[in-house]
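Student: I need the structure of the sequence given here:
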Amino acid sequence: MTRVGIVGAGRAGCGVGAALAHAGIDVILHSRERHALPVSLEHTSGPSVPWLAERPLVLLAVPDDSVPTVAAELAASGVISPRHVILHLSGSSGVEVLESLRGTGAALGAFHPFQTLADPVAAPARLRGAVAAVSGDARAVAAARELAHAVGLRVVEIPDAGRVAYHAAAVFASNYVVVLARVAASLLAATGLSESEVRQALQRIIEGAAANIGSTGVSAALTGPVVRGDVKTLERHLAAVPATWRALYRELVRAALDMTDHPAERRQEILDLVDRA
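Tutor: Okay, the predicted model is just below:
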């Protein structure tokens, strides 16, 4: 495995860097501003990246909207050559955001782990067994596959045309689950549970739902009042849920209802309830 450089020292850069280092790969990070890292990795800072010539494999771990700008800066440096492979970590973008580097002859591609990296310290364990979506030039895809295998990721190739939908799926599965957990935490706290009790309760039930998805599939993992057709329970929920989140609850009921095989009469009864709530 070649030496790897990562531009961007946020949670994604630190998490992927920690996983690579844990796998025995020589890795260095760079950020514009110097700041303490949550993991022990070699780190440079400043307006320009000092190690580009020495690192033929470069990962851009910057915010999605910044990838084209950073790519243009690397191209303008005059250091990037045909021996380089440049991969970005943006889930929603294809190779087009690296187009300013095309004239350098470098192989260009995308490498995105389908996993949350909120805690870089936990990243080596969190990434093992997760999926990584790759795309781009043949040499870039080969390098991305090698990186993925080194840290235990399972590779899928997502064509550039499908990456926005792929990334939206990641947001639903991770980010919006956290949003829903926040709503659930507020409801649990209102019952008098302590913060630690709320966190433990949520962790176990979310882990249980995730385990069910893994063992039975998404549709079979759905439980609760919508699947059972418990209209009165849904009615009580809608009365108890604060107005701030009532519309969200109604939309989730509708989405869950699409996963059931209730007869038309029961479906309509549930729809009538959420429509008038």
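Student: Flag every buried residue along stretch 119-131.
Tutor: Of all the residues in stretch 119-131, those buried under the rule 16 or more other Cβ atoms under 10 Å are 120, 123, 124, 126, 127, 131. C-beta here means a position set from N, CA and C on the backbone, and glycine is covered the same way.
Student: per-residue confidence averaged over it?
Tutor: Averaged across stretch 119-131, pLDDT comes to 95.
Student: next one: that stretch to chain centre, how far?
Tutor: 11 Å (Cα atoms, centre = their mean, to the nearest Å).
Student: which residues sit against it?
Tutor: Where contact means Cβ atoms under 8 Å, 6 or more residues apart in numbering, the residues beyond stretch 119-131 that reach it are 11, 14-19, 22-23, 37-39, 113-117, 151-156.
Student: Please work out how many residues are found near residue 79.
Tutor: By the other Cβ atoms under 10 Å criterion, the neighbourhood of residue 79 contains 18 residues.
Student: And it, how close does it get to residue 101?
Tutor: 11 Å (Cβ to Cβ, to the nearest Å).
Student: likewise residue 173?
Tutor: Residue 173 is 31 Å from residue 101, where distance means Cβ to Cβ.
Student: out of those two, which sits in the more crowded spot?
Tutor: With neighbours defined as other Cβ under 10 Å, residue 173 and residue 101 compare such that residue 101 has more, 22 against 14.
Student: dump the residue contacts of the closest residue to residue 209 other than its chain neighbours.
Tutor: Of all residues not flanking residue 209 in the chain, residue 221 sits nearest, at 6.3 Å (Cβ to Cβ, 6 or more residues apart in numbering). When contacts are counted by Cβ under 8 Å, 6+ apart, residue 221 touches 209, 212, 213.
Student: what's the domain layout of the protein?
Tutor: 4-158, 161-217, 222-277 (automatic domain parsing).
Student: Return the most buried member of these.
Tutor: Among the domains of the chain, domain 4-158 has the highest mean neighbour count (mean count of other Cβ atoms under 10 Å), at a mean of 19.
Student: Would you map the helices across the stretch 101-250 of the chain?
Tutor: Counting by DSSP state H, counting those that start in this stretch, the stretch 101-250 of the chain has helices at residues 123-127, 138-151, 163-170, 176-189, 195-216, 218-221, 225-228, 231-240, 243-257.
Student: Nearest spatial neighbour of residue 87, chain-adjacent residues omitted?
Tutor: Using Cβ to Cβ, 6+ apart, the closest residue to residue 87 is residue 111 (4.3 Å).
Student: what's across from that neighbour in the sheet?
Tutor: residue 134 (DSSP bridges).
Student: can you pull the contacts of it?
Tutor: Listed by Cβ under 8 Å, 6+ apart, the contact set of residue 111 reads 59, 87, 88, 89, 132, 133, 134, 144, 147, 148.
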